[in-house]
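A.B. asks: here are the coordinates; sequence isn't available:
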Ligand SMILES: Nc1ncnc2c1ncn2[C@@H]1O[C@H](COP(=O)(O)OP(=O)(O)OP(=O)(O)O)[C@@H](O)[C@H]1O
């Protein structure tokens, strides 16, 4: 459906996109994730035709889009800064793309009704957008983007402004909605939780390049490098010397899975791979802090050597703050990074 071939965008001497190759299949939801300034918005804008490219090609259904203006690309846009029209009511906003396309009044009304039903705002046609909550406005913006049945829907920080609870609810609804409609989606977010909940595939960007691309599970389980691991929020990353199925680190000798890359490399221990034992039976640590997360407790441990360690444990096993514990490591939760 969508193919980017070595797409390059330069601002002055700086590469905002550096030879980016990316393919999005029909009905696929791809979420682009990355820190501020990594090129996510530029990527969306290049696909939409809002940003001229300095090199490479954007193809939609195999057709080169160079020279094709935004409104002829058949893509739907829902950008954070694309505000609703405050002077129009909900129906007027949703009908916008249909009106632009010259759809008949009756068809517009039918489609608006259908879309409002779809996004959970049935009968809201005559409501003033200024009197809607943030979440409702977001739904109207989504209905507006979906109304002309775009072949590709692009979302830029679609739920950025909303509070966490609402975001978590909406993201599940969106995923179900896109699944039902068979929409092809390219979304950009800097929120890992949102990306992992919404996407069939996650693309992590760094400095205008794709650092990693894979299913949420693949990326989560095997971040390719230290940058991606840290960006995903993992803190237990250290230098290691890997020989066979053991790695020498500041935390002592850790077991690593069979087949791990060998030699000097960064190494990640997922928090679930740090198990607590008696102080004498593992790496001696002091419990620095505890965060209750509903089903489990996240612990921050201060080892006798090396940087702090994140661990998780069950509620009933939670040690006190300041307690002395031992840490042992599980090979299956250790990842030797590239
Ligand atoms: N119009 C512009 N003129 C000059 N530089 C720009 C322009 N737009 C973006 N840039 C630069 O290009 C790089 C990529 O920007 P982009 O907005 O794509 O990043 P982003 O990953 O979307 O960031 P954020 O998460 O903060 O929105 C940044 O260094 C930015 O400063």
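C.D. replies: The structure has been received and is ready for your questions. The shown structure was predicted, so the numbers you read here are calculated from the model rather than taken from an experiment. Numbers count the residues shown, from 1 in each chain.
A.B. asks: Tell me which helix or strand residue 328 sits in.
C.D. replies: Taking DSSP states H and E as the criterion, residue 328 maps to strand 324-329.
A.B. asks: Now do the residue positioned nearest the centre of the chain against the ligand, distance only.
C.D. replies: The chain has residue 195 as the residue nearest its centroid, 2.5 Å off, counting by C-alpha atoms, centre = their mean. With distances taken as C-beta to the nearest ligand atom, to the nearest Å, residue 195 is found 12 Å from the ligand. Backbone N, C-alpha and C define where each C-beta goes, glycine included.
A.B. asks: which non-adjacent residue is nearest that residue?
C.D. replies: Leaving aside its sequence neighbours, residue 195 sits nearest to residue 31 (C-beta to C-beta, 6 or more residues apart in numbering; 3.9 Å).
A.B. asks: re the thing from before, quick one: contacts of the next helix or strand after the strand holding residue 328?
C.D. replies: Counting by DSSP H and E, the element after strand 324-329 in chain order, helix or strand, is strand 334-336. Under the criterion C-beta atoms under 8 Å, 6 or more residues apart in numbering, residues 221-223, 229, 240, 242, 247, 254-257, 260-261, 265-270, 273 lie in contact with strand 334-336.
A.B. asks: per-residue confidence averaged over strand 334-336?
C.D. replies: Strand 334-336 shows an average pLDDT of 96 in the prediction.
A.B. asks: show me where the stretch 151-300 of the chain has strands.
C.D. replies: For the stretch 151-300 of the chain, applying DSSP state E, counting those that start in this stretch gives strands covering 152-156, 185-189, 201-206, 209-214, 237-243, 246-249, 252-255, 263-269, 274-277, 283-292, 296-303.
A.B. asks: Quick check: which of those has the most neighbours on average?
C.D. replies: strand 185-189 (a mean of 26; mean count of other C-beta atoms under 10 Å).
A.B. asks: does any part of that one sit near the ligand?
C.D. replies: No - residues of strand 185-189 contacting the ligand under C-beta under 6 Å from any ligand atom: none, with a closest distance of 6.5 Å.
A.B. asks: how far is that strand from where the chain is centred?
C.D. replies: Averaging C-alpha positions (C-alpha atoms, centre = their mean, to the nearest Å) puts strand 185-189 8 Å from its chain's average.
A.B. asks: what about whatever residue of the stretch 101-250 of the chain ends up closest to the ligand, distance to residue 38?
C.D. replies: Closest residue of the stretch 101-250 of the chain to the ligand, C-beta to the nearest ligand atom: residue 190 (5.0 Å). Between residue 190 and residue 38 the distance, using C-beta to C-beta, to the nearest Å, works out to 9 Å.
A.B. asks: How about residue 62?
C.D. replies: 28 Å.
A.B. asks: now swap in residue 290 and tell me
C.D. replies: 33 Å.
A.B. asks: who touches the helix or strand bottoming out on mean pLDDT in the chain?
C.D. replies: Least confident helix or strand of the chain, by mean pLDDT, DSSP states H and E, is helix 164-181 with a mean of 83. By C-beta under 8 Å, 6+ apart, the residues outside helix 164-181 that reach it are 29, 118-120, 134-135, 138-139, 142, 146, 153, 158-159, 162, 183, 185, 191, 193-194, 197-198.
A.B. asks: part of a helix, is residue 123?
C.D. replies: No - according to DSSP: H, G, I helix; E, B strand; the rest coil, the state of residue 123 is coil, so it is not within a helix.
A.B. asks: Make residue 1 into 31 and carry on from there
C.D. replies: Got it, first residue is 31 now, which makes that one residue 153.
A.B. asks: For it, which residues are in contact?
C.D. replies: residue 146.
A.B. asks: Low-confidence stretches in the stretch 81-230 of the chain?
C.D. replies: Scanning the stretch 81-230 of the chain for pLDDT under 70 picks out 111-112, 191.
A.B. asks: re the thing from before, can you sort out which of the contacts of strand 364-366 also neighbour the ligand?
C.D. replies: By C-beta under 6 Å from any ligand atom, no member of those lies near the ligand.
A.B. asks: No more questions from me, cheers.
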